[in-house]
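**Student:** predicted model, plus sequence, below.
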Amino acid sequence: MKITDLKCAVIGGYPVVRVVTDEGISGYGEIEGSKSYLKSHVLFYRDRILGLDPTDVEWVMLAIRRLGGFKPWGSSVSAIEMALWDIAGKAAGIPVYKLLGGKVRDKVRVYCTASKVPMNGCEPEHYAENVKLIKELPEGYTIIKRGVSFHSGMPHEVPNFHYGSNSGGAHASRGLLTERGLKHVIACAEAMKEALGDEIGLALDCGPGMMVPDAIRLARAVEPLNLMWLEDMLTGDYTPYVLPDLYRQVTESTSTPIHTGEQIYLRQHFKELFEKQAVNVVGPDPADVGGIAELKWIAEYADLHGILMAPHGVLDGMFGIAAHVQLAATLPQNYIAFEFPGANPDWWFDIVTGLPDPIIKDGFINVWDTPGLGVDFIEEAAKERLEEEDADFFD
Ligand SMILES: [Mg+2]
């Protein structure tokens, strides 16, 4: 089998990758909905993979893996990798999880990022109301994550929140918290946990942008709440570096699990985090880290170091859900849950087939057995959603 084309269309804001072969099989991969600008970046890899056998996934990856980078520059390589596995599974007539070594669970736990339900403010009562709404959703989520501190409106909306300046761009502010700012974050965490009780786990996405002393003070203050984790306090989301030594100071100072890693590209950049025991949980995203098999390798190496897995995925779209499910089915017992992407706009559910209905039951997704990723386009319906410049995407 040979790759004859690599195409990319932005559908409902999500760049979708299609790898075309000479045997009538196509594979699909998807990039986060916030990255429509990456279409030309995907096509940069086209000439490098034409003519290669897509079922030799690693051989194709050797041609392109070194030409990627930290978020967002690992997304294109990652989406192509997903599409290769999709083809390899379809060609063999088996689900991708079989190609990764087989499944160790029949259903995979997901967690909900509460930012999907809008909030009316940054006060503790707003946070409590928000997580109560999520708790009542029919999906029955067992873990909820909410943004606080620099991963929320607090730097702008809470007076005298921190000593730094509010930089431009999302989650770009950074600085030492004032006592008032620190107490505000703690009060919001307490309000959410009180609303949720002990039947639902709570994780907090905190930065990046916090300083080491604040990270330690926050992590210690919330110890009685038994949080799932504190995410990306120091570095993370779109910072093109890791700083494991700083994370180690925080992790060694508290019993609250410390989490990072959604921005990281490739296994090499997890090595120091694991070997220095710098964090307790990592959240690589298969759509950023270099793909499905890359994340599988990272999870195995994390497990050897006693480190837990909670893969990031909030914007990964429908093919992203498929990639997460195939992968999560195979991960060792250090797997907690992946971050459920959902679909926005809703019509995404009308242009793909293969997902269970409802997708989530009691906070889990049942692993399906269809070949490849197991999610495919309903071409006639999907064609209606193509932009004019992508009109030949399915040709
Ligand atoms: Mg995050």
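**Tutor:** The structure has been received and is ready for your questions.

**Student:** when you work out contacts or count neighbours from here on, use the C-alpha atoms and nothing else.
**Tutor:** Will do.

**Student:** would you mind measuring from the closest residue in space to I11 that isn't next to it in sequence to T4?
**Tutor:** Sequence neighbours aside, L386 is the residue nearest to I11 in space, at 6.0 Å (criterion: Cα to Cα, 6 or more residues apart in numbering). Distance of L386 to T4, computed by Cα to Cα, to the nearest Å: 21 Å.

**Student:** okay, and the beta partners of R18?
**Tutor:** Beta-bridge partners recorded for R18 (DSSP bridges): K7, Y28.

**Student:** nope, Y335 is what I was after
**Tutor:** Under the criterion used (DSSP bridges), Y335 bridges to M309.

**Student:** right, and it touches G306 too?
**Tutor:** No - using Cα atoms under 8 Å, Y335 is not in contact with G306, being 11.1 Å away.

**Student:** ok so, going back, run a quick neighbour tally on the residue nearest to I11.
**Tutor:** 17 (other Cα atoms under 10 Å).

**Student:** so who does it touch?
**Tutor:** Each residue near L386 by Cα atoms under 8 Å, 6 or more residues apart in numbering is listed here: 9-11.

**Student:** SS state for it?
**Tutor:** State at L386, reduced to three classes by DSSP: H, G, I helix; E, B strand; the rest coil: coil.

**Student:** how close does it sit to G12?
**Tutor:** Using Cα to Cα, L386 is found at 8 Å from G12.

**Student:** likewise for F349?
**Tutor:** Relative to G12, F349 is positioned 12 Å away (Cα to Cα).

**Student:** between those two, who's got more neighbours?
**Tutor:** Shown here are F349 and G12; by other Cα under 10 Å, G12 has more neighbours (18 against 14).

**Student:** the nearest residue to that one once chain neighbours are set aside: helix or strand, and which one exactly?
**Tutor:** Excluding the flanking residues, the one nearest G12 by Cα to Cα, 6+ apart is P345, at 6.7 Å. Taking DSSP states H and E as the definition, one finds P345 inside no helix or strand.

**Student:** these two touch, right, P345 and I11?
**Tutor:** No - contact status for P345 versus I11: not in contact, 10.0 Å apart, counting by Cα under 8 Å.

**Student:** quick one on the thing from earlier: neighbour count winner among Y335 and G306?
**Tutor:** Between Y335 and G306, Y335 has the larger neighbour count (other Cα under 10 Å), namely 21 against 13.

**Student:** quick check, pLDDT for that one.
**Tutor:** If you check Y335, the pLDDT there is 98.
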